[in-house]
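Undergrad: model the following, please.
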Amino acid sequence: MFDVAFRGTQARTPERVGGSAGGGLGLAIAKGLVEAHRGRIRVRNHGPGCRFEVRLPLATG
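TA: Numbers count the residues shown, from 1 in each chain. Have a look, this model is predicted:
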């Protein structure tokens, strides 16, 4: 799901922001940002939708 090449099903809502379809890169970009900060990102089914969890380490200093 967090892979750049992953193509899920079409969005459930027909509305598109700005009138164009997205490239499907949002989760891959989020994963890259989180991992660059030594964090973790994961997704779980949560009722009718999904729950995304991002964990980042606290800065020390």
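Undergrad: phi, psi of Gln29?
TA: Just to correct that, residue 29 is Ile rather than Gln. Phi and psi for Ile29, reported as degrees, to the nearest 10, are phi -70, psi -40.
Undergrad: repeat for the one 3 residues further on
TA: Per-residue torsions, Gly32: phi -60, psi -40 (degrees, to the nearest 10).
Undergrad: shouldn't Ala28 be within a helix?
TA: Yes. Assignment of Ala28 by DSSP: H, G, I helix; E, B strand; the rest coil places it within a helix.
Undergrad: quick one: it from Glu35, how far?
TA: Relative to Glu35, Ala28 is positioned 11 Å away (CB to CB, to the nearest Å). Just so you know, the C-beta spots here come from the backbone N, C-alpha and C atoms, and that holds for glycine as well.
Undergrad: ok, Val54 next?
TA: Look at Val54 and Glu35: by CB to CB, they are 11 Å apart.
Undergrad: which neighbours do these two share?
TA: By CB atoms under 8 Å, 6 or more residues apart in numbering, Val54 and Glu35 have these common neighbours: Ile41.
Undergrad: more neighbours: Ala28 and Glu35, which one.
TA: More crowded of Ala28 and Glu35, by other CB atoms under 10 Å: Ala28, with 16 against 12.
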